[in-house]
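Student: mind looking at a prediction? Sequence and model below.
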Amino acid sequence: MKRIFSGVQPTGNLHLGNYLGAIRNFVGLQDDYECIYCVVDLHAITVWQDPEALRAQTREVTAAYLAAGIDPKRSIIFNQSQVSAHAELAWIFNCVIRMGWLNRMTQFKEKAGKHRENASAGLFVYPSLMAADILAYKATHVPVGDDQKQHLELTRDTAQKFNNDYGVEFFPITEPLILGAATRVMSLRDGSKKMSKSDPSDMSRINMTDDSDAIAQKIRRATTDPELLPGPEALDAEGQVPEERRKERPEAWNLLGIYAALSDQNWAQVLAEFEGSQFSSFKKALTEVAVEKLGPIGAEMKRLQQDAAYVDGILKEGAERANAVALPILREVQEIVGFLRP
Ligand code: TYM
């Protein structure tokens with residue numbers, strides 16, 4: 001059986017990267033997989049969250065899932081803290097995962113920065129909870145943006161080590177699904193930095209709830225370079241952008257990738273359309289497609305965010321269904337580990 005699990009942190013400012021790298025792909029996968037989509041509030045508190053804001057942000061991610069087209073009848077939508085199997089399995093994985101593995105995680109290094117001693121212990125063991133999220137459902141596939149690759153590698157290592165240590169064939173070795181032309185959306189201000197919820201400049205990102213004026217202004221002011229846009233000969237034999245080329249013109253490739261993803265085209269089609277164009281005309285076309293695709297989703301998100309009772313009801317029902325899948329798996333793990341349940 002093929003089962004999808006993925007999650008988004010309710011840390012505010014959901015943006016185009018979250019949409020193109022993850023949420024949009026979640027929608028399409030519903031046709032072929034059993035899908036479980038989580039709002040990972042336990043992960044969010046690894047850095048400080050104001051409690052009232054956390055509640056609003058949890059509803060914001062849920063609203064984004066629904067507005068983007070995740071169907072709560074077909075798929076499971078819930079928030080992580082309502083299903084205790086995540087935290088319980090994470091503890092067991094804390095005892096399987098090695099310190100050395102966690103020490104290698106680049107996301108921890110980035111987030112903790114120079115203040116490592118002051119980072120929460122939760123931030124350090126974050127990948128263990130992420131492995132638990134996925135494996136509590138024995139998920140076979142996990143759609144994510146490019147930045148989560150290393151965490152998924154650790155999830156695979158965890159499954160393997162658990163299976164080896166206990167001499168079982170219990171957990172699946174999960175496959176990442178990194179899909180589309182915009183798996184790593186960069187900041188609109190600086191093409192060498194990832195578009196991020198925590199960037200202090202709101203101009204660096206297009207938020208999922210931005211209105212058409214804000215979208216137009218941010219694209220107009222997005223950093224570019226003085227050259228004309230490249231043609232299809234810039235692509236490699238597989239029709240992809242070679243890494244050296246991307247490094248030469250990070251802002252241009254970022255905007256072209258966003259256009260390709262939003263307009264459902266491949267690189268070759270987009271480059272054929274804009275070869276030799278100036279940024280000004282390309283930016284007009286990009287604004288048009290961004291407003292067309294994001295406008296209705298943002299409006300529906302705002303409408304849903306006004307209806308907390310409806311959103312909370314979806315999460316409650318989702319948590320019951322998630323629990324029904326995860327609990328029997330957790331019980332088997334407890335049995336394998338040797339926990340007595342008289
Ligand atoms: P989070 O909340 O940072 O991001 C949610 C999803 O959005 C993707 N993403 C991006 N994709 C392209 N370009 C970007 N600039 C960009 N920024 C973010 C992320 O790759 C992610 O898919 N650790 C995860 C949450 C998580 C999870 C899980 C995911 C917790 N448990 C289990 C999958 C399975 C995170 O911090 O995502």
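Tutor: Thanks, I have the structure now. Numbers count the residues shown, from 1 in each chain.
Student: doesn't residue 128 make contact with residue 93?
Tutor: Yes. Using Cβ atoms under 8 Å, residue 93 is in contact with residue 128, at 4.5 Å. For the C-beta atoms, the positions are set from N, CA and C on the backbone; glycine is no exception.
Student: quick one: common contacting residues for these two?
Tutor: Here residue 93 and residue 128 have residue 158 as joint contacts, going by Cβ atoms under 8 Å, 6 or more residues apart in numbering.
Student: show me how the record splits this protein into domains.
Tutor: 3-177+308-337, 202-304 (automatic domain parsing).
Student: of all those domains, which one comes closest to the ligand?
Tutor: Taking Cβ to the nearest ligand atom, domain 3-177+308-337 is the member of the domains of the chain nearest to the ligand, at 2.0 Å.
Student: and that closest one, does that touch the ligand?
Tutor: Yes. Against the ligand, domain 3-177+308-337 shows contacts by Cβ under 6 Å from any ligand atom at 5-9, 17-18, 21-22, 40, 43, 130, 133-134, 142, 144-145, 147-148, 151.
Student: run a quick neighbour tally on residue 69.
Tutor: Residue 69 has 14 neighbours, counted by other Cβ atoms under 10 Å.
Student: same question for residue 119.
Tutor: Residue 119: 16 neighbours (other Cβ under 10 Å).
Student: and the pLDDT at the closest residue to it other than its chain neighbours?
Tutor: Residue nearest to residue 119 in three dimensions, not counting chain neighbours: residue 112, with 3.9 Å by Cβ to Cβ, 6 or more residues apart in numbering. Model confidence at residue 112, given as pLDDT, is 90.
Student: returning to what we had before: pick the most deeply packed of the domains of the chain.
Tutor: Among the domains of the chain, ranked by average contacts under mean count of other Cβ atoms under 10 Å, first place goes to domain 3-177+308-337 (a mean of 18).
Student: now that domain, how far from the centre of its chain.
Tutor: Counting by Cα atoms, centre = their mean, to the nearest Å, domain 3-177+308-337 is centred 10 Å from the centre of its parent chain.
Student: distance between the ends of that domain?
Tutor: Domain 3-177+308-337 has an end-to-end distance of 24 Å (Cα to Cα, to the nearest Å).
Student: show me where the stretch 201-342 of the chain has helices.
Tutor: Applying DSSP state H, counting those that start in this stretch to the stretch 201-342 of the chain gives helices spanning 212-220, 243-248, 250-262, 267-274, 279-305, 308-337.
Student: of all those, which one is nearest residue 226?
Tutor: Closest approach to residue 226 among these (Cβ to Cβ): helix 279-305, 9.1 Å.
Student: tell me the angle that closest one makes with helix 267-274.
Tutor: Angle of helix 279-305 versus helix 267-274, following axes from the mean of the first three to the mean of the last three Cα atoms, to 10 degrees, is 120 degrees.
Student: and the angle for helix 279-305 with helix 250-262?
Tutor: Going by the same axes, to 10 degrees, helix 279-305 makes 50 degrees with helix 250-262.
Student: what mean pLDDT does helix 279-305 get?
Tutor: Here the average pLDDT along helix 279-305 is 97.
Student: got it, and stretch 119-132?
Tutor: 97.
Student: also stretch 186-197?
Tutor: Averaged across stretch 186-197, pLDDT comes to 96.
Student: same check on stretch 20-39?
Tutor: Stretch 20-39 carries an average pLDDT of 97.
Student: now do the same end-to-end measure for it.
Tutor: Using Cα to Cα, one end of stretch 20-39 lies 17 Å from the other.
Student: name the SS class of residue 179, please.
Tutor: Using DSSP: H, G, I helix; E, B strand; the rest coil, the structure places residue 179 in coil.
Student: surely it touches residue 143?
Tutor: Yes. Residue 179 is in contact with residue 143 according to Cβ under 8 Å; the separation is 6.4 Å.
Student: please name the residues that touch residue 143.
Tutor: Contacts for residue 143 (Cβ under 8 Å, 6+ apart) come out as 4, 6, 22, 25, 26, 29, 176, 177, 178, 179.
Student: so which of these are in helices?
Tutor: Members of these lying in helices (criterion: DSSP state H): 25, 26, 29.
Student: now do the contacts for the first one.
Tutor: Residue 25 sits next to 143, 177, 179, 180 when contact means Cβ under 8 Å, 6+ apart.
Student: dump the residues you listed into a markdown table; add distance to residue 54 and pLDDT as well.
Tutor: Putting those into a markdown table (distance: Cβ to Cβ, whole Å; pLDDT from 0 to 100) gives the following:
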| residue | distance to residue 54 | pLDDT |
| --- | --- | --- |
| 143 | 24 | 98 |
| 177 | 28 | 97 |
| 179 | 29 | 93 |
| 180 | 29 | 88 |
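Student: let's see stretch 300-312 as CSV, backbone CA atoms only.
Tutor: What follows is stretch 300-312, C-alpha atoms only, in CSV (Å, rounded to 0.1, in the frame of the first residue of the first chain):
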residue,chain,number,x,y,z
GLU,A,300,-10.5,31.4,0.5
MET,A,301,-7.8,31.1,3.2
LYS,A,302,-9.0,34.5,4.7
ARG,A,303,-12.6,33.3,4.6
LEU,A,304,-11.8,30.0,6.3
GLN,A,305,-9.7,31.8,9.0
GLN,A,306,-12.8,33.7,9.9
ASP,A,307,-14.6,30.4,10.5
ALA,A,308,-12.6,28.9,13.4
ALA,A,309,-15.4,26.4,14.4
TYR,A,310,-15.4,24.8,10.9
VAL,A,311,-11.6,24.6,10.8
ASP,A,312,-11.4,23.2,14.3
